[in-house]
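> Dropping a prediction and its sequence here:
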Amino acid sequence: MTVRRCAWANPANPLYLDYHDHEWGVPCHDERRLFEMLNLEGAQAGLSWETILNKREHYRQAFDGWDADKIAAYDDVKVAELLANPGIVRNRLKVAAAIQNARAYLQLCRDEGGLDAYLWRHVDGQPVRNNGERIVTTALSDQISKDLKKRGFKFVGSTIIYAYMQAIGMVQDHAADCDWRRI
């Protein structure tokens with residue numbers, strides 16, 4: 001039996017296949033993973049998702065398992081360490097964004113109860129199901145992007161937020177012929 005996946009899932013990369021098969025499009029309610037994926041989607045800006053996926057374990061180590069309390073307290077010494085780490089994308093703006101995002105996230109937790117409560121209320125707790133067409137932004141990703149920017153988050157443009165929504169399962173965008181499409 002032939003397995004059919006979305007065309008973007010690189011069959012030569014086991015990490016990519018595992019991501020496609022077990023994470024992408026699966027509704028996520030875990031706060032730490034939601035925070036991690038928001039930052040990884042931002043780190044991907046201008047790069048391929050495969051590049052970031054291949055570096056994900058390095059990111060987890062470098063950013064203290066995506067512990068927002070620890071990240072929010074990073075100082076210049078830690079920033080220099082991160083910028084010297086070949087396991088992550090060593091872009092000063094993206095590193096600074098992760099630190100700022102940790103601070104904004106902690107405030108969002110106080111204001112909204114966390115990313116899970118904040119994000120999923122936008123879709124009444126149910127994934128938006130699309131017909132498998134290639135979409136890069138929507139009115140909802142525009143709205144969330146604009147609000148997150150007001151709250152101090154960085155690297156959260158509408159295209160990044162739409163990819164994030166796909167990654168955490170808020171949007172079901174598996175191709176129509178993909179075996180993982182949940183109808």
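On my side now, so go ahead.

> show me where the chain has strands.
128-129, 171-172 (DSSP state E).

> for those strands, which one ends up most surrounded?
A comparison of the strands of the chain by mean neighbour count, using mean count of other CB atoms under 10 Å, puts strand 171-172 on top with a mean of 22. The C-beta positions use only the backbone N, C-alpha and C, and glycine is treated the same way.

> what does that one rub up against?
In this structure, residues lying in contact with strand 171-172 by CB atoms under 8 Å, 6 or more residues apart in numbering are 25, 127-130, 162, 165, 181-182.

> tell me how far stretch 40-50 is from the chain's mean position?
Stretch 40-50 has its C-alpha centroid displaced from the chain centroid by 9 Å (CA atoms, centre = their mean, to the nearest Å).

> hang on, the earlier thing: turn the strands of the chain into TSV, including distance to Ser158 and mean pLDDT.
TSV is the format used below for the strands of the chain (distance: least, CB to CB, whole Å; pLDDT from 0 to 100):
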stretch	distance to Ser158	mean pLDDT
strand 128-129	15	90
strand 171-172	13	92
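
> which residue is nearest the centroid of the chain?
Most central in the chain under CA atoms, centre = their mean is Met37, positioned 2.7 Å from the mean C-alpha point.

> Could you check the pLDDT of the residue found closest to it once you drop the neighbours it is linked to in the chain?
Excluding the flanking residues, the one nearest Met37 by CB to CB, 6 or more residues apart in numbering is Ala167, at 5.2 Å. If you check Ala167, the pLDDT there is 97.

> do Gly132 as well
On the pLDDT scale, Gly132 gets 67.

> same thing with the one 4 residues further on?
The pLDDT attached to Val136 in the predicted structure is 92.

> give the contact list for the residue lying closest to it once chain neighbours are set aside.
Nearest non-adjacent residue to Val136, counting by CB to CB, 6+ apart: Thr159, 5.2 Å away. By CB under 8 Å, 6+ apart, the residues touching Thr159 are 136-137, 141.
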